[in-house]
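[1] structure of the sequence below:
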Amino acid sequence: MYSQSVSQIAGDRVALCDPKDVNPDDTQQLIIDDSAAAGQLRAGFPWLRFERDLEREFRREYFGTRLRQIRFNLGLALLLVVSFGFLYLLVMPLRDNVALYAVQFGLVLPLVLGGIAITYLRDGRRIYPRVAPMLVPVGGLAIIAIELKAAQSGVLVVFASLLLTSIYTYFLLGLLFYDAIRTNVILWAAYLAFGIVGGLPESVVIYNSMVLLLANLVGASVAYSVEMGIRQHFLERRMLAETAARDGLTGIYNRRRFDEHLETVWQAAQRDGLALALLLVDIDCFKRFNDHHGHQAGDECLRAVAAALAHSARRPLDFVARYGGEEFAVVLFDPSRPYLHEIAHRIHANVAALAIPHGDSTVAATVTVSAGIAYVAPTPQRSTQGFVQLADEALYEAKAEGRNRSVFSEAAYDLLETGSFRAGRRAAG
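    Residues are numbered from 1 along each chain as shown. Reported below is the predicted structural model:
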């Protein structure tokens with residue numbers, strides 16, 4: 001471990017935040033403005049695209065929640081394929097149209113069955129959106145081939161199957177707007193081209209193409225509105241979830257969200273062989289502050305310090321939470337050592353810049369903080385509980401050495417007994 005007090009780092013250049021930028025009244029708005037969902041709502045999404053990480057999360061949720069409904073719709077499609085196959089027998093003899101039935105039952109039917117099978121896979125929510133945009137056009141082209149073959153035999157009523165395919169593509173197969181548009185443009189162009197080349201009457205090809213085009217215009221318009229609404233609701237739900245994950249007083253993340261986040265980044269860092277840092281930050285002599293200045297002033301102090309911490313850790317993956325009482329936690333994913341050093345300096349400097357009077361502090365005339373810093377590379381032999389305990393031990397050392405300082409530790413901690421240092425620190429006041 002090593003320790004640094006504020007006086008030791010006074011000569012370093014630290015990026016101070018202006019005290020007015022950490023007005024406690026603006027803390028909640030600061031957090032809301034930093035929300036990816038809120039930012040996307042402000043920016044809008046007329047092209048039905050979110051920023052990369054948000055788009056990835058949307059697609060994962062979209063297909064995860066709709067896979068069962070997609071499976072049902074594919075089951076209905078299976079029934080339609082079989083039903084149309086038997087209806088064809090009423091108007092087209094089997095012996096004269098072997099190729100047509102081979103396509104219907106040898107290609108279209110297996111494609112639908114394959115789609116249903118994918119929805120049952122463990123990774124179906126990940127595989128389906130990758131495979132469906134390729135399989136659906138193949139199925140649509142097969143249906144066009146059936147339509148043209150039937151039309152050459154003088155049977156034109158099967159054009160209805162192509163219209164049903166268009167409706168399915170827009171609304172029932174789970175395709176997002178651009179995948180549905182791309183598929184239907186391919187099918188429309190293929191019908192027009194193959195109809196002319198296949199020797200169908202020009203008037204029939206033009207009429208059917210116009211009907212199909214009009215159906216696509218209506219379908220695309222409705223599909224756009226539907227997806228716009230789905231995306232809007234996704235962002236609103238995400239904002240509600242983020243609000244529920246916030247501490248009611250300070251506006252930063254709460255303890256429950258901290259626990260969830262730490263488990264997530266711990267697994268990610270262990271998988272990718274990266275390091276994590278955890279800073280436990282405690283307001284010095286806070287009980288004395290409450291007793292001397294009153295609990296209302298104490299609440300204002302907590303909010304101001306929380307805002308100062310939020311201003312200190314500004315990378316996209318930096319995470320700030322209220323750990324409990326007057327204690328805060330900052331989680332840094334894959335930080336460099338210089339950045340970790342800078343964060344510690346910035347926290348002390350930004351809290352000092354608040355210049356909140358503390359009339360009963362044993363450290364300084366204004367509010368100060370102490371920080372314990374743990375820096376490790378997660379391994380299967382370690383745990384998040386031990387990680388927190390390592391930072392807790394470092395915080396205890398910072399308190400014992402006189403407060404208003406940071407203590408850094410990256411020691412092995414496989415055998416730490418979670419809670420022992422916290423109990424000792426509380427006993428020491």
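
[2] convert the C-alpha atoms of stretch 92-102 to CSV, please.
    Below are the C-alpha coordinates for stretch 92-102, written out as CSV (Å, rounded to 0.1, in the frame of the first residue of the first chain):
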residue,chain,number,x,y,z
MET,A,92,-52.8,-27.6,-60.7
PRO,A,93,-52.3,-31.4,-61.2
LEU,A,94,-49.3,-32.8,-59.4
ARG,A,95,-48.0,-34.7,-62.4
ASP,A,96,-47.7,-31.5,-64.5
ASN,A,97,-46.2,-29.4,-61.7
VAL,A,98,-43.7,-31.5,-59.9
ALA,A,99,-41.1,-28.6,-59.8
LEU,A,100,-43.7,-26.3,-58.2
TYR,A,101,-44.5,-28.8,-55.4
ALA,A,102,-40.8,-29.5,-54.9
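
[3] now do the same contact list for L340.
    L340 is in contact with A277, L332, I373, Y375, F408, counting by CB atoms under 8 Å, 6 or more residues apart in numbering. (Each C-beta comes from the backbone N, C-alpha and C, glycine too.)

[4] which secondary structure element contains it?
    Assignment of secondary structure by DSSP states H and E places L340 within helix 337-354.

[5] what segments of the protein are strands?
    For the chain, the strands defined by DSSP state E occupy 2-5, 276-283, 319-324, 327-333, 369-376, 405-409.

[6] show me what contacts E55?
    If a contact means CB under 8 Å, 6+ apart, then E55 has R49 as its contacts.

[7] how close does it sit to E202?
    Relative to E202, E55 is positioned 44 Å away (CB to CB, to the nearest Å).

[8] repeat for L121
    From L121 over to E202 the distance is 46 Å, taken as CB to CB.

[9] same thing with Q232?
    For Q232 relative to E202 (CB to CB), the value is 45 Å.

[10] these two: who's more crowded?
    Ranked by neighbour count (other CB atoms under 10 Å), Q232 and E202 place Q232 first, with 13 against 10.

[11] the residue lying closest to that one once chain neighbours are set aside: neighbour count?
    Using CB to CB, 6 or more residues apart in numbering and skipping the chain neighbours, the partner closest in space to Q232 is L41 (7.9 Å). L41 sits with 16 neighbouring residues when counted by other CB under 10 Å.

[12] thought L41 was touching H233?
    No - using CB atoms under 8 Å, L41 makes no contact with H233, being 11.3 Å away.

[13] possible to save the contacts of L340 as TSV with pLDDT?
    Conversion of the contacts of L340 to TSV gives the following (pLDDT from 0 to 100):
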residue	pLDDT
A277	96
L332	96
I373	95
Y375	93
F408	91
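
[14] for those residues, which one is nearest L74?
    When the contacts of L340 are compared for distance to L74 (CB to CB), L332 comes out closest, at 45.2 Å.

[15] gap between the closest residue to the closest one other than its chain neighbours and L390?
    Computed as CB to CB, 6+ apart, the closest residue to L332 that is not its neighbour in sequence is A277, at 4.1 Å. Distance check for A277 against L390: by CB to CB, it reads 11 Å.

[16] any shared contact partners between these two?
    Residues touching both A277 and L390 comprise A374, with contact defined as CB under 8 Å, 6+ apart.

[17] could you check the angle strand 369-376 makes with the helix holding L340?
    With axes from the mean of the first three to the mean of the last three CA atoms, to 10 degrees applied, the angle from helix 337-354 to strand 369-376 works out at 170 degrees.

[18] would you mark the buried spots in helix 337-354?
    339-354 (16 or more other CB atoms under 10 Å).

[19] can you show me the helices along the stretch 101-250 of the chain?
    Listed in chain order, the helices found in the stretch 101-250 of the chain under DSSP state H, counting those that start in this stretch are 109-120, 124-152, 159-171, 177-197, 202-244.

[20] export the ones you listed as TSV, with columns for mean pLDDT and distance to R257.
    Written out in TSV, the entries for the helices of the stretch 101-250 of the chain read as follows (pLDDT from 0 to 100; distance: least, CB to CB, whole Å):
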stretch	mean pLDDT	distance to R257
helix 109-120	96	32
helix 124-152	91	24
helix 159-171	89	36
helix 177-197	94	32
helix 202-244	93	9
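
[21] what's the closest of those to P46?
    Ranking the helices of the stretch 101-250 of the chain by their distance to P46 (criterion: CB to CB) puts helix 202-244 first, at 8.4 Å.

[22] now for the closest one, which elements pack on it?
    helix 36-43, helix 52-91, helix 159-171, helix 177-197 (3 or more CB pairs under 8 Å, 6 or more residues apart in numbering; DSSP states H and E).

[23] centre of the chain to the second one, how far?
    I take that to be helix 52-91. For helix 52-91, the separation from the chain centroid amounts to 25 Å (computed by CA atoms, centre = their mean, to the nearest Å).

[24] list the buried ones in it?
    With the criterion 16+ other CB under 10 Å, helix 52-91 contains buried residues 54, 58, 62-63, 66-67, 70-71, 73-74, 77-78, 80-81, 84-85, 88.

[25] low-confidence ranges, the chain, go.
    Applying pLDDT under 70 to the chain flags residues 1-34, 156-158, 411-429.

[26] domain ranges for it, per the record?
    Each structural domain of the chain that the record assigns through automatic domain parsing is listed here as a residue range: 2-23+251-428, 52-241.

[27] closest to A37 out of those domains?
    With distances scored as CB to CB, the stretch of these nearest to A37 is domain 52-241 (4.1 Å).
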